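S.K.: Just a sequence and a predicted model for now, questions to come.
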Amino acid sequence: MAVYDETWKEAMNLWFESFIAFFFPHVHRDIDWGRGWESLDKELQQVTRDAELGERRADKLVKVWLRDGTEAWMLIHIEIQSQRETDFERRMFVYHYRIFDLYNHQVVSLAVLGDGNPRWRPQAFGYAKWGCELSLRFPSIKLLDFANIEPTLTASSDPIAAMVQAHLATLAEPNDDMSLFVRERRIIRSLYERGIPKQTILELFHVIHRMVDLPEVLERQFIQEHFQWEEEKKMQYLMPFERRALEKGKAEGKAEGKAEGLCEGQAAMLILVLEQRFGSPLTEELMARIRDTRDPALLEQWARLAFAAASLDEFRQKMQP
């Protein structure tokens, strides 16, 4: 089964500007990207903690600066589901007004829809009675629409184009694991030919591979075939240390159910991701803490944090004591 929510959030953390430019170019043009952007994690947590919202949650709340010098808040909601949800528009409204109510700040709500129903296109919520009227309109993007430009996606060096391809692959034949295997292999191999920087290819490899989430047997085959293909092409982007982590953590640990092997593999992969993201080796103390952890859920949480943190210091600060 494909894993959408966390992988798309990782993609936004890694390539947020590309994400906005790809899906909402009219928004991208008005932002002063030279000033960067700020993730409003605390504000988002306050909204999602609210008892009135229950389990509902927005995926990303960020602050950006516009070209005229003012700041703006954007609520990015990635709605991933297998069928139409009649309550979606109301939920978008609830997210929007709760943020405005708590912080008295204007918010721009945006939606990306990854479901398989081409006719479901929510864009507004509202009601009116006796002269009293309320409405919210929000830009809504449908990933299915990009299926018509597959050659353009394949030729693109934009990481978001590759993410869309992987998502569409999971929708094309969701019950055919072998077909999904072939589609993922084609997408991953094409990354090496698009002029994408090596670091971005490595990040895309892991995010896409997590999204597709092949069965254990096919995952082992995929990893082995990919390593062999890299060697034949003399493009060994995945280093031996990383290969062992993938094989042990994602293949042996899952296929044989060995918790110890899974944790070791997760820890090795986390260390590698941190070193690649922040460009420096970890301290012995931090490496020991990661390697000694035997809680797969905690290691998975740290792996998500590794992609979300802006610096190694921030990663250390946000690790649970």
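M.R.: Yep, it's here.
S.K.: for the protein, what are the low-confidence residue spans?
M.R.: Counting by pLDDT under 70, the chain has low-confidence residues at 1-2, 49-58, 77-84, 174, 236, 238-265, 320-321.
S.K.: Report the central residue of it.
M.R.: When the chain is reduced to its mean C-alpha position, the closest residue under Cα atoms, centre = their mean turns out to be residue 8, at 2.2 Å.
S.K.: Now that one: phi and psi?
M.R.: Geometry field for residue 8 lists phi and psi as phi -70, psi -30, criterion degrees, to the nearest 10.
S.K.: how close does it sit to residue 70?
M.R.: Counting by Cβ to Cβ, to the nearest Å, the separation of residue 8 from residue 70 is 28 Å. Just so you know, the C-beta spots here come from the backbone N, C-alpha and C atoms, and that holds for glycine as well.
S.K.: and what of residue 150?
M.R.: As for residue 150, its distance to residue 70 is 39 Å (criterion: Cβ to Cβ).
S.K.: Could you list the domains of this structure?
M.R.: Residue ranges for each domain of the chain read 25-138, 148-318, as given by automatic domain parsing.
S.K.: Setting aside sequence-adjacent positions, which residue approaches residue 44 most closely?
M.R.: In space, and not counting its chain neighbours, residue 44 is closest to residue 61: 4.3 Å by Cβ to Cβ, 6 or more residues apart in numbering.
S.K.: Verify the contact between that neighbour and residue 76 for me.
M.R.: Yes - under the contact definition of Cβ atoms under 8 Å, residue 61 touches residue 76, with a separation of 7.5 Å.
S.K.: which ones are touching residue 89?
M.R.: Residues counted as contacts of residue 89 (Cβ atoms under 8 Å, 6 or more residues apart in numbering) are 122, 123, 124, 125, 136.
S.K.: On the three-state scheme, residue 62 is what?
M.R.: Under DSSP: H, G, I helix; E, B strand; the rest coil, the three-state class of residue 62 is strand.
S.K.: I meant to write residue 214 there.
M.R.: Three-state call for residue 214 (three-state DSSP): coil.
S.K.: show me what contacts it?
M.R.: Residues counted as contacts of residue 214 (Cβ under 8 Å, 6+ apart) are 177, 180, 181, 184, 222.
S.K.: Kindly report the same for residue 37.
M.R.: Applying Cβ under 8 Å, 6+ apart to residue 37 gives the contacts 16, 17, 31, 62, 63, 64.
S.K.: make it 6 Å
M.R.: Remark: with contacts taken as Cβ atoms under 6 Å, 6 or more residues apart in numbering, residue 37 is in contact with 62, 64.
S.K.: Show me what it bridges to in the sheet.
M.R.: Beta-bridge pairing for residue 37 (DSSP bridges): residue 64.
S.K.: Buried residues in the helix or strand hosting residue 178, which are they?
M.R.: In this structure, residue 178 sits in helix 177-191 according to DSSP states H and E. By neighbour count on 16 or more other Cβ atoms under 10 Å, the buried set for helix 177-191 is 180, 181, 183, 184, 185, 187, 188, 190, 191.
S.K.: Out of those, flag the one nearest to residue 86.
M.R.: Distances from the buried residues of helix 177-191 to residue 86 were compared by Cβ to Cβ; the smallest belongs to residue 180, at 29.3 Å.
S.K.: now that closest one: how far from residue 229?
M.R.: Following Cβ to Cβ, the distance that separates residue 180 from residue 229 is 18 Å.
S.K.: And for residue 14?
M.R.: Distance from residue 14 to residue 229, counting by Cβ to Cβ: 24 Å.
S.K.: higher neighbour count, those two?
M.R.: Neighbours around residue 14 and residue 229, counted as other Cβ atoms under 10 Å, are more numerous at residue 14. The numbers are 20 against 14.
S.K.: and that one, what is it in contact with?
M.R.: With contact taken as Cβ under 6 Å, 6+ apart, residue 14 is in contact with residue 203.
S.K.: The same query, at a cut-off of 7 Å, please.
M.R.: Residues in contact with residue 14 (Cβ atoms under 7 Å, 6 or more residues apart in numbering) are 203, 307.
S.K.: Can you show me the helices along the stretch 201-321 of the chain?
M.R.: Counting by DSSP state H, counting those that start in this stretch, the segments of the stretch 201-321 of the chain that form helices are 216-233, 240-245, 253-256, 259-278, 284-292, 296-308, 312-318.
S.K.: deepest of those helices, which one?
M.R.: Among the helices of the stretch 201-321 of the chain, ranked by average contacts under mean count of other Cβ atoms under 10 Å, first place goes to helix 259-278 (a mean of 19).
S.K.: Would it be right to say that residue 12 lies in a strand?
M.R.: No - with the criterion set as three-state DSSP, the secondary structure at residue 12 is helix rather than a strand.
S.K.: roughly how far apart are it and residue 45?
M.R.: Relative to residue 45, residue 12 is positioned 17 Å away (Cβ to Cβ).
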